[in-house]
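Undergrad: next input, structure requested:
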Amino acid sequence: MTRSALAPTLGLTCAALFATAVPSPADAAASALSGYAVLALAQYAGGIYAGTDAGLFVSRAGGAWTSVPGVMGTARVNALATVPGVLVAATESGVQSTHDGATWSIAGLAGNRVDALTAAGTSLIAGTGTTSGTDGLAFRSDDGGRTWAPAATVPAIEGLPGPAVQAVLAPSGGGVALAGTAGRGVYRSASGAGGWSPTGASPTWVTGFVHLGDTSVLASSDDGLYRSADGGANWSVAAFPQQDAWIQALGGDVSAPLAGTYDGVVFRGNGSGGWTQLASGLPSVLALLPAPRGGGVIAGTFDGLYCLGCPPGTVGSTVAGAGGASPAGGAGRGAPATAPPANQRPGAPGATAPPFANGPGPAAIRPLPGAVGAAHAANGSTNGGGRPAFVWALAGGLLAVSIALFGLGRRRSRRRA
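TA: Numbers count the residues shown, from 1 in each chain. Below you'll find the predicted structure:
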């Protein structure tokens, strides 16, 4: 093939690359909060609450997303949990609570970055940490977050190894509490208020837990899904559709667990080990919540919120058709922080830097919005329709070569004439 003939071929290759680089969100009935990283989701008092990297938002009766005023401001909300009559939010400087969804008050752990929060019955378990990696702690509250135990805040007293506690599971059905750490595995406690001990063969970088029964538990991690049949004392790799998947979000319940991955895929389990894919091509998934009606799933991502398989009006004020990704409710604020490159995931071969080294937060957001070098979109892309930056660079390079070869072919043709 001559160079002049090769040029159009390269141009077509560029066009194909642009057309097929990233799949569209599948079965996404709506996208909302565009430009916000949605870190946590909860249903409370008839509203759906979304904790983001720039504050807390609520949608009531399928209406528009509105910012929740009060002490929350634009603080980062890492996790949400509910106990009877109380909604509790985990922030970078302690926890805050509300009874009516409008008036918020400080609810303890002031000065602590709270990465994880979960509830069972009337009890709350919170996990904390900082970038120093030396003060990961876990606390229990039985009064809606007003007081926490233990009062001591020394890791050695608690028995935890030190890394941030970024996933917690409250005792349920007579079981034990679990704490998932950033790099040191799973720890268990009879009460969740101290006395933590390591478990066997657990994942090291833990991102979430979900109960499958009194003693059966799933744990998500950066290298796949794990299961314990003895209350978290011992772990084994669980079957999952993606091998060594980086699972960032775990939710749902015993009959229908939910899992969301770094590369934007959402799965629903059947409770007995089988999984069905609900969507792909989303930004990295950070939080999951069963929709209040209709069997859909609400997914919080690095770039807004999607409702998968939901009837119109479930969330947000504007609903797109199936596969759509138009903003719904709220104008957004530009794209959030970029997900860390896959080769920087904990334990990845050839990792060039520790994951998430640019700032605090759960195992999801690095760097923080506004940080030097932060990209413009949630999945490593620029504003070009969600396509990764390397795709645009590669396509641009191929296009430049194509133009150069085409020009060279034309000059040679003129000389021969």
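
Undergrad: distance of the closest residue to residue 297 other than its chain neighbours from residue 283?
TA: Leaving aside its sequence neighbours, residue 297 sits nearest to residue 308 (C-beta to C-beta, 6 or more residues apart in numbering; 4.6 Å). Every residue, glycine included, has its C-beta placed from N, CA and C. For residue 308, the distance to residue 283 (C-beta to C-beta, to the nearest Å) stands at 13 Å.

Undergrad: so these two - more neighbours on which side?
TA: In terms of neighbours (other C-beta atoms under 10 Å), residue 283 is the more surrounded of residue 308 and residue 283; the figures are 29 against 24.

Undergrad: relative to residue 33, how far out is the more buried one?
TA: Distance of residue 283 to residue 33, given as C-beta to C-beta: 11 Å.

Undergrad: what do those two both touch?
TA: residue 304 (C-beta atoms under 8 Å, 6 or more residues apart in numbering).

Undergrad: from what I can see residue 187 touches residue 176, true?
TA: No. Assessed by C-beta atoms under 8 Å, residue 187 is found out of contact with residue 176, at 10.1 Å.

Undergrad: quick one, phi psi at the closest residue to residue 273 other than its chain neighbours?
TA: In this structure, residue 273 finds its nearest non-sequential neighbour in residue 239, 5.4 Å apart by C-beta to C-beta, 6+ apart. Dihedral angles of residue 239 (phi, psi; degrees, to the nearest 10) stand at phi -60, psi 140.

Undergrad: who's in contact with residue 239?
TA: Contact analysis of residue 239 by C-beta under 8 Å, 6+ apart lists 225, 273, 275.

Undergrad: ok, the last one touching residue 267?
TA: Translated: residue 275. Yes. With contact defined as C-beta under 8 Å, residue 275 counts as touching residue 267 (4.5 Å).

Undergrad: which one's more surrounded, those two?
TA: Counted by other C-beta under 10 Å, residue 275 and residue 267 do not tie: residue 267 has more neighbours, with 25 against 18.

Undergrad: what's the spacing between that one and residue 248?
TA: Distance, residue 267 to residue 248, using C-beta to C-beta: 12 Å.

Undergrad: wait, residue 127 sits on residue 137?
TA: Yes. Between residue 127 and residue 137 there is a contact at 7.4 Å, judged by C-beta under 8 Å.

Undergrad: if I look at the two, which residues touch both of them?
TA: Residues touching both residue 127 and residue 137 by C-beta under 8 Å, 6+ apart: residue 165.

Undergrad: quick one: common contacting residues for residue 275 and residue 267?
TA: Joint contacts of residue 275 and residue 267 (C-beta under 8 Å, 6+ apart) are 240, 241, 259.

Undergrad: filter those down to just the ones in strands.
TA: Per DSSP state E, strands hold the following members of those: residue 259.

Undergrad: wait, which of the shared contacts of residue 275 and residue 267 is closest to residue 158?
TA: Proximity of these to residue 158 (C-beta to C-beta) peaks at residue 259, which lies at 29.1 Å.

Undergrad: burial count for that closest one?
TA: The burial count for residue 259: 28, using other C-beta under 10 Å.

Undergrad: hang on, it packs against residue 220?
TA: Yes. Between residue 259 and residue 220 there is a contact at 6.4 Å, judged by C-beta under 8 Å.

Undergrad: anything in contact with each of the two?
TA: 247, 249, 250.

Undergrad: which of the residues you listed lies closest to residue 41?
TA: residue 249 (9.3 Å).

Undergrad: and the residue lying closest to residue 87 once chain neighbours are set aside, what does it touch?
TA: Once flanking residues are discounted, residue 87 sits nearest to residue 44: 4.4 Å by C-beta to C-beta, 6+ apart. Residues counted as contacts of residue 44 (C-beta under 8 Å, 6+ apart) are 82, 87, 101.

Undergrad: at 10 Å instead, please
TA: Residues near residue 44 by C-beta atoms under 10 Å, 6 or more residues apart in numbering: 58, 80, 81, 82, 85, 86, 87, 88, 98, 100, 101.

Undergrad: now do it against residue 97, distance only.
TA: Counting by C-beta to C-beta, the gap from residue 44 to residue 97 is 11 Å.

Undergrad: repeat for residue 106
TA: Using C-beta to C-beta, we find residue 106 at a distance of 8 Å from residue 97.

Undergrad: between these two, which has more neighbouring residues?
TA: More crowded of residue 106 and residue 97, by other C-beta under 10 Å: residue 97, with 23 against 15.

Undergrad: look up how far residue 200 lies from the more buried one.
TA: 36 Å.

Undergrad: skipping adjacent residues, who's closest to residue 175 in space?
TA: Once flanking residues are discounted, residue 175 sits nearest to residue 231: 5.0 Å by C-beta to C-beta, 6+ apart.

Undergrad: does the one you found count as helix, strand or coil?
TA: Of the three states, residue 231 takes coil according to DSSP: H, G, I helix; E, B strand; the rest coil.
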